[in-house]
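J.: Sequence and computational prediction follow.
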Amino acid sequence: MKAVIYARYSSSAQREASIEQQVEVCENYARNNDYQVVKVYSDKAKTGRTDDRPGLKKLLSDCSKNIFDVVLIYAMDRFSRDTRLALENLYKIEFENNKKVISVTQPLDDSPWGRFYRVVQMADAQKYSEELAEKVKRGMKYNADKCLYNGGSVPLGFKIVDKRYEINPDTAPIVKMIFEWYADGVTVADIAKKLNAQGAKTSFGRPFNKNSLHTLLKNKKYLGYYTFDGLEIPDAIPQIISDELFDKVAKRMATNKQAPARAKAKVEYILTTKLFCGHCKGMMTGFSATGHLKKTYRYYVCNKTKEVPKNCNKKAVHKEYIEDLVIERCRKLLTTKNIQRITKELVATAEREKDTTNLKALRKALKDNERKHENTINAIMESDIESVRKALGTKIPVLEAEHEEIEKQIEAEERLFASISESSILFFLTSLKKGNINDIKYRKLLVNVFVNKIYLYDDKVTITFNSGDEPVTISDTLLSELDEHSKPSKGLSSKKDGPPQQSKSEIVIVGDCFGFLIFRGFV
């Protein structure tokens, strides 16, 4: 069976294996499990909180070309340290392209508990990433409080000495000249031409253009302001441009440019990759429409209703309604009894998977290394030929370096399981129970941890979670009719703009704490 390897290394990370180490561990796993590695994809010095990674993009693109069957990764957080992004990447590989993803240091079965444990591992990786980012931010805040250099590019005209801003006598005159030219009416385009003709360069060592000049002319550091994360401290660094000249430039820029449009707030559809059409099984994604009163209404729609010709007649459903319904059901899972049960099952799963095939292979490699080391030393002691002793002696440092590397890999693998202890799982789930239901990060985490798939029909909703038993009836409750929160897939009718009207019907919930079916029943 053909396999590919994906590896990612963040240059700021302290506990990550290198690209080479990740690939080596994956190759060992492939050999031990009869996989033929046909390609390696990698991203060096790339953060796991974004999908802007060439190696990952190429891997996702190649999934549809049928050149491999399995994707091997060192650990699940190599896809992303954002739980949502990791799950989206898994969906693209496993569900859209029917490939298998194997985390060689965290191999889990396809049982419900195995899938749930995998999501908990992702959430743990995201928690680590956020804590690391917070530590970095605290360090930068400390620097900001003292008006120290916080990294990044140094504006033209300045230099950094002992982490403090000082005027650069070689480039500060260029900055003054740029401000004076613009204040005197010279256009930005002409200023760029003049500077480039003189051989002047930006702080990045590049020729000037309109964008670099606009950025320079708006930089308040030239007024003596120290800026960081929205914070502005006056008279904190040396001033290059006078207040009068800076104001004159600012007024001219304001008259030459219209006010920029207000940035639109990003709207997140938290059920994307989880919500599917009950009729055609296609994915349902976010969609918005504006009524004649200029109010925006947001829905989830079946992707096949947007095809030409239309291949599904599933009604769109109001975003807020279906998301609130799912969040409510996720919260109801977090009873004290369920938390204890989940913790017990996850600890048992971790123990079953702890002694992995890869860990066994690493321990065997360590024993082989120690045996070779001992045999080499014995051979040196027994040989009377100096040239042979020297040749054997060169092998000792190589074997010792190999021994150290294998020990690091074993330690890293054992740490992956040790990091998710019974107490950490209890703390994680208890924290979920106490979260703010209106916090978007909390809502996304609930969905990503608990929900496997949601199938939405016009008259019922099926929600399956990341684990389950035989369904039993939990309770009966009154909820608004599902179809009152739906609209025909062809779009909004101008006659019916406005929030949906609520009417009541009986909904019967069938299932256990990890899976249930919601039926609509009329009263």
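T.: That came through, no problem.

J.: Quick check: the closest residue to residue 343 other than its chain neighbours vs residue 336, distance?
T.: Nearest non-adjacent residue to residue 343, counting by CB to CB, 6 or more residues apart in numbering: residue 425, 4.7 Å away. Every C-beta, even on glycine, is put in place using the N, C-alpha and C of the backbone. Distance of residue 425 to residue 336, given as CB to CB, to the nearest Å: 14 Å.

J.: ditto for residue 252
T.: Relative to residue 336, and taking CB to CB, residue 252 is found at 66 Å.

J.: okay, the two: which has more neighbours?
T.: Legend: neighbour count by other CB atoms under 10 Å for residue 252 and residue 336, higher for residue 252 (15 against 10).

J.: got a list of contacts for the one helix or strand the more buried one maps to?
T.: Using DSSP states H and E, residue 252 sits within helix 243-256. Helix 243-256 is contacted by residues 179, 180, 182, 183, 185, 214, 217, 218, 222, 223 when judged by CB atoms under 8 Å, 6 or more residues apart in numbering.

J.: Look at the fifth one and give its secondary structure.
T.: Look at residue 185: counting by DSSP: H, G, I helix; E, B strand; the rest coil, its state is coil.

J.: Look at it and say how many residues are nearby.
T.: 8.

J.: Please apply the same query to the last one.
T.: When neighbours are defined as other CB under 10 Å, residue 223 has 18 of them.

J.: so it sits right up against residue 239, yeah?
T.: Yes: assessed by CB atoms under 8 Å, residue 223 is found in contact with residue 239 at 6.0 Å.

J.: contacting residues around the spatially closest residue to residue 240 that is not a sequence neighbour?
T.: Spatial nearest neighbour of residue 240, excluding adjacent residues (CB to CB, 6+ apart): residue 222 at 4.7 Å. By CB under 8 Å, 6+ apart, residue 222 lies in contact with 155, 157, 175, 179, 239, 240, 241, 246.

J.: Double-check that the fifth one belongs to a helix.
T.: No: counting by three-state DSSP, residue 239 falls outside a helix, being coil.

J.: Tell me the secondary structure at the spatially most distant residue from the centre of the chain.
T.: For the chain, the residue at maximal distance from the C-alpha centroid (CA atoms, centre = their mean) is residue 384, at 60.4 Å. Classification of residue 384 using three-state DSSP returns coil.

J.: Next, find the distance separating it from residue 375.
T.: From residue 384 to residue 375 the distance is 18 Å (CB to CB).

J.: Hmm, residue 383 is touching residue 391, no?
T.: No: Residue 383 is beyond contact range of residue 391, at 9.4 Å (criterion: CB under 8 Å).

J.: the strands in the stretch 351-500 of the chain, which residues?
T.: 451-456, 460-465, 473-480, 486-487 (DSSP state E, counting those that start in this stretch).

J.: Does the second one pack against any helices or strands, and if so which?
T.: If I follow you right, that is strand 460-465. On a contact count with 3 or more CB pairs under 8 Å, 6 or more residues apart in numbering; DSSP states H and E, strand 460-465 meets helix 319-333, strand 451-456, strand 515-521.

J.: Just put these in JSON lines and tack on mean neighbour count and distance to residue 67.
T.: Below are the helices and strands packed on strand 460-465 laid out as JSON lines (neighbours: other CB atoms under 10 Å; distance: least, CB to CB, whole Å):
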{"stretch": "helix 319-333", "mean neighbour count": "18", "distance to residue 67": "37"}
{"stretch": "strand 451-456", "mean neighbour count": "20", "distance to residue 67": "28"}
{"stretch": "strand 515-521", "mean neighbour count": "17", "distance to residue 67": "36"}
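
J.: so which of those comes closest to residue 1?
T.: strand 451-456 (25.8 Å; CB to CB).

J.: Report the angle between the closest one and helix 319-333.
T.: 130 degrees (axes from the mean of the first three to the mean of the last three CA atoms, to 10 degrees).

J.: Which elements pack onto strand 451-456?
T.: Against strand 451-456 (3+ CB pairs under 8 Å, 6+ apart) you get strand 275-277, helix 319-333, strand 460-465.

J.: List the residues that contact the closest residue in space to residue 35 that isn't next to it in sequence.
T.: Closest residue in space to residue 35, ignoring its immediate chain neighbours: residue 3 at 4.0 Å, by CB to CB, 6+ apart. Residue 3 makes contact with 30, 35, 36, 37, 38, 68, 69, 70, 71, 72, according to CB under 8 Å, 6+ apart.

J.: would you say residue 3 is within a strand?
T.: Yes: counting by three-state DSSP, one finds residue 3 located in a strand.

J.: Tell me how many other residues crowd residue 56.
T.: 23.

J.: Could I get the contacting residues of it?
T.: Residue 56 touches 6, 8, 41, 43, 79, 89, counting by CB under 8 Å, 6+ apart.

J.: Next: residue 184.
T.: Counting by CB under 8 Å, 6+ apart, residue 184 has no contacts.

J.: Columns secondary structure and distance to residue 347 on top of the contacts of residue 56, output as a markdown table?
T.: Shown next, in a markdown table, are the contacts of residue 56 (DSSP: H, G, I helix; E, B strand; the rest coil; distance: CB to CB, whole Å):
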| residue | secondary structure | distance to residue 347 |
| --- | --- | --- |
| 6 | strand | 29 |
| 8 | strand | 29 |
| 41 | strand | 34 |
| 43 | strand | 33 |
| 79 | coil | 25 |
| 89 | helix | 27 |
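
J.: tell me the least confident of those residues?
T.: Checking pLDDT across the contacts of residue 56, the minimum falls on residue 79 at 71.

J.: got the contact list for that residue?
T.: Per CB under 8 Å, 6+ apart, neighbours of residue 79: 6, 8, 48, 56, 73, 85, 86, 89, 90.
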